[in-house]
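Participant: my questions concern the predicted model and sequence given below.
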Amino acid sequence: MRPLRLVRHLFSTLPLVLLVACGSDNGKSGSGGADGGHPDVDPNHLPDGAPNPCLGAMDCSECTARVPCGWCGDRCLAGTATTSFDGTCTGTSWDWRGSQCPGTGATCPSHTDCVSCATDENSCGWCAGANRCVAGDMTGPARGVSGCAVASGTWMWSPDQCR
């Protein structure tokens, strides 16, 4: 499962220029006619015309395991790490990584040390800067945590990283 997470991480670093280049109208209706509006986003296809792999996902975990899909409330949408392609979902409503799904990481706060935390199969990671276990994955905490960053070496996601 870790290779899939790496693919999702690499995909999440793609620039949002795709939204502009593909004519996203941020979820607003438009005919693309003389008024200069953009055509509606086709929910059955990705901006490049490929079939939408997000269709049919029934929950957040199933959705975020598909590339390039993210969960928004009760539906699975295609998008990037920060927003859906149709522009209807962004910010804390947008769950791009499985570790952000509701209920994921529920057991993390019960861990009081790095090794037990990083060994938990429930998407937990140790934040040395905050001295606590939180939901996350190899790219960092699922949500922002003060004093915790992959680049600074304060985020430990696997037991071999624990000092």
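Facilitator: Received it, and whenever you're ready, just let me know what you need.

Participant: for the rest of this, base every contact and every neighbour count on C-alpha atoms.
Facilitator: Will do.

Participant: quick one, helices of the chain?
Facilitator: 2-12, 17-21, 60-64, 114-119 (DSSP state H).

Participant: rank these by mean pLDDT and give me the bottom one.
Facilitator: Note on the helices of the chain: helix 17-21 shows the lowest mean pLDDT, a mean of 34.

Participant: so what's the residue nearest the centre of the chain up against?
Facilitator: With distances taken as CA atoms, centre = their mean, the residue of the chain nearest its centroid is Trp96 (1.7 Å). Taking CA atoms under 8 Å, 6 or more residues apart in numbering, we find Trp96 in contact with 64, 69-71, 80-82.

Participant: could you dump the residues you listed to JSON lines with neighbour count?
Facilitator: What follows is those, written out as JSON lines (neighbours: other CA atoms under 10 Å):
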{"residue": "Thr64", "neighbour count": "26"}
{"residue": "Cys69", "neighbour count": "28"}
{"residue": "Gly70", "neighbour count": "34"}
{"residue": "Trp71", "neighbour count": "29"}
{"residue": "Thr80", "neighbour count": "24"}
{"residue": "Ala81", "neighbour count": "22"}
{"residue": "Thr82", "neighbour count": "18"}
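
Participant: those residues: which two are farthest apart?
Facilitator: Among those, the pair separated by the greatest distance (CA to CA) is Thr64 and Thr82, at 13.1 Å.

Participant: so what's Pro15 scoring on pLDDT?
Facilitator: Per the predicted model, pLDDT is 37 at Pro15.

Participant: ok, now how distant is the spatially closest residue to Cys69 that is not a sequence neighbour from Val134?
Facilitator: Closest residue in space to Cys69, ignoring its immediate chain neighbours: Ala78 at 4.4 Å, by CA to CA, 6 or more residues apart in numbering. Going from Ala78 to Val134 by CA to CA, to the nearest Å gives 26 Å.

Participant: these two - which one has more neighbours?
Facilitator: Val134 (30 against 26; other CA atoms under 10 Å).

Participant: right, and the more buried one touches Pro141 too?
Facilitator: Yes - counting by CA atoms under 8 Å, Pro141 is a contact partner of Val134 at 6.7 Å.
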